[in-house]
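**Q** this one's sequence-less:
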DNA sequence: AAGTTATGCAAGCAGGTACTTACTTATATA
DNA sequence: TATATAAGTAAGTACCTGCTTGCATAACTT
């Protein structure tokens, strides 16, 4: 993640991820990467063998799929609104850190199926975490009787929809900020799911 | 939209949209389209001039961005749950009909900026419609005081997030059906926004 | 029957792209 | 100072892809 503008490898991988995200793999030429990185084209091949090696290295460098599970369970306060806010912010952070890689995984399902699997771990993990949490809250009598998996997914979908719309359409549809979105999202779920 | 398997134009455009959606514009070759369509490659050029013409024609044929505004205002019952369900189902229909084109617009922002604008009309229209509806409901005392634009966007983002996740990850993350999603989405908003 | 129209087929051209090779230049280290 | 290491330069090869041309064939129209 740390990118030293004097390090050749870093310059190359940054240029690669940037162009991949913008144009897609097929439309990103090794020449264009070399120019963007301010490096000779041969250097790419000397460092990474071939184009596929380059792409792989770039994706690895710029993806960071953490295990949200452990750290989170400790922070739980059993106050629905507070906890949802924490989940929300953490999810947004992960999405933001992995923004480029997520967009690439969307564009290149056909050619990078392993990446899709890797990225799918993010919602899968969060879903498990939320369902466990919702079930516990129900037992405590702090949440209405509802389909916890469906509500967990609704939470994920809402935030993912926001993220991906923002990444593509920008503020073309609405000028709501990320903070306003999170605030209203949490309020909705808290009010909708509290007994 | 109606595709006659005996009509050459239809066969070509169907093959084009299919491959474009799967592989992206750059990776979709005219040779591959010809094979998929069961047609000679020259025929493509005779019918549509060049590759760009082909892509344009395919996108036009398979996109259908309706004006949801008029028809809907008449169907409103001023029962939050019923109306949200109607909005939800209508939105899902529009997304499904335009699925391929939406995926393409995501992949090809760089090369088809006009398409992005066209697709952005869908959420923009729905947002306006929902905000108007929510404001009216508030005046009737049938909705809590809240940021109506934020809640309208939350509704859109949740459904869009569902749609796009389903289109990419399939049931990789959850096996919830579309119907279950809609049901729980509507319940959440109805309970969260009713006074 | 004659002609128009739609399509197939074979070949090829021009430009681009991934990748290679051989040689030179600069920098850092010993 | 001598040597190893990293990078630049120039040229070229093999393949792919969009697109064209010329001709053959079948079907439909008048």
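**A** Noted; the coordinates are in hand. Everything numeric here is computed off the predicted structure, so don't read it as measured data.
**Q** neighbours around the residue nearest to residue A:125 when sequence neighbours are not counted, how many?
**A** Once flanking residues are discounted, residue A:125 sits nearest to residue A:68: 5.7 Å by CB to CB, 6 or more residues apart in numbering or on different chains. Yep, even glycine has a C-beta here, placed from its N, CA and C like the rest. Applying other CB atoms under 10 Å in any protein chain shown, we find 18 residues neighbouring residue A:68.
**Q** right, and residue A:68 touches residue A:93 too?
**A** No - between residue A:68 and residue A:93 there is no contact under CB atoms under 8 Å: 9.7 Å.
**Q** figure out how far the helix or strand that contains residue A:17 is from the centre of its chain.
**A** Assessed by DSSP states H and E, residue A:17 sits inside helix A:8-23. Taking CA atoms, centre = their mean, to the nearest Å, one finds the center of helix A:8-23 at 18 Å from the center of the full chain.
**Q** residues in contact with that helix: which ones?
**A** Here helix A:8-23 makes contact (CB atoms under 8 Å, 6 or more residues apart in numbering or on different chains) with A:3-5, A:28, A:32-34, A:36-39, A:43-44, A:47-48, A:54-55, A:57-59, A:61-62, A:100-101, A:103-104, B:26, B:110.
**Q** what's the following helix or strand after that helix?
**A** Following helix A:8-23 in sequence, per DSSP H and E, is helix A:30-37.
**Q** does DNA strand D have contacts with that following helix?
**A** No - using CB under 7 Å from any atom of the strand, we find that helix A:30-37 stays clear of DNA strand D, coming within 7.8 Å at best.
**Q** what residues of that helix count as buried?
**A** For helix A:30-37, a neighbour-count test (16 or more other CB atoms under 10 Å in any protein chain shown) marks A:30, A:33, A:34, A:36, A:37 as buried.
**Q** tell me the residues of chain A that contact DNA strand D?
**A** Selection of chain A residues close to DNA strand D by CB under 7 Å from any atom of the strand yields A:8, A:38, A:39, A:40, A:42, A:43, A:46, A:47.
**Q** list the contacts of the last one.
**A** With contact set as CB under 8 Å, 6+ apart, residue A:47 has these partners: A:8, A:9, A:12.
**Q** could you single out the nearest of those to chain B?
**A** Checking these against chain B with CB to the nearest CB, the nearest one is residue A:12 at 21.0 Å.
**Q** that closest one: how many residues sit nearby?
**A** 23.
**Q** roughly how far does it sit from residue B:89?
**A** Noted for residue A:12: a distance of 49 Å to residue B:89, by CB to CB, to the nearest Å.
**Q** equivalent analysis for residue A:6, please.
**A** Separation of residue A:6 from residue B:89 (CB to CB): 56 Å.
**Q** so what's residue A:5 closest to, chain neighbours aside?
**A** According to CB to CB, 6+ apart, the nearest residue to residue A:5 is residue A:11 (6.5 Å).
**Q** how far away is the one you found from residue A:36?
**A** According to CB to CB, residue A:11 stands 9 Å off from residue A:36.
**Q** now do residue A:136
**A** 49 Å.
**Q** and if you look at residue A:189?
**A** Distance from residue A:189 to residue A:36, by CB to CB: 42 Å.
**Q** got the phi and psi for the residue nearest to residue A:125?
**A** phi -70, psi -10 (degrees, to the nearest 10).
**Q** OK, contacts around it?
**A** Neighbours of residue A:68 in contact, by CB under 8 Å, 6+ apart: A:90, A:91, A:94, A:125, A:126, A:129.
**Q** same thing with residue A:26?
**A** Taking CB under 8 Å, 6+ apart as the test, what residue A:26 contacts is B:23, B:24, B:26, B:27.
**Q** of those, which pair is most distant in space?
**A** B:23 and B:26 (8.3 Å; CB to CB).
**Q** which SS class is residue A:195?
**A** coil (DSSP: H, G, I helix; E, B strand; the rest coil).
**Q** residue A:141 is in contact with that one, correct?
**A** Yes - at 6.8 Å, residue A:195 counts as touching residue A:141 under the criterion of CB under 8 Å.
**Q** of residue A:6 and residue B:89, which one has the most company?
**A** The neighbour count for residue A:6 versus residue B:89, taken as other CB under 10 Å, is higher for residue B:89 (14 against 6).
**Q** local confidence estimate at residue A:162?
**A** As predicted, residue A:162 sits at a pLDDT of 98.
**Q** what sits against it?
**A** Contacts of residue A:162 by CB under 8 Å, 6+ apart are A:178, A:181, A:185, B:153, B:154, B:157, B:161.
**Q** from the residues you listed, which is closest to residue A:166?
**A** The closest of the contacts of residue A:162, once distances to residue A:166 are taken by CB to CB, is residue A:178, at 7.6 Å.
**Q** sitting in helices, which of the contacts of residue A:68 do you find?
**A** Applying DSSP state H to the contacts of residue A:68, the entries found in helices are A:90, A:91, A:94, A:125, A:126, A:129.
**Q** so what's the residue count around the fourth one?
**A** Pointing back at residue A:125 there. Quick note: residue A:125 (other CB under 10 Å) scores 18 neighbours.
**Q** distance of it relative to residue A:166?
**A** Distance from residue A:125 to residue A:166, counting by CB to CB: 22 Å.
**Q** please apply the same query to the third one.
**A** Computed with CB to CB, the distance linking residue A:94 and residue A:166 is 15 Å.
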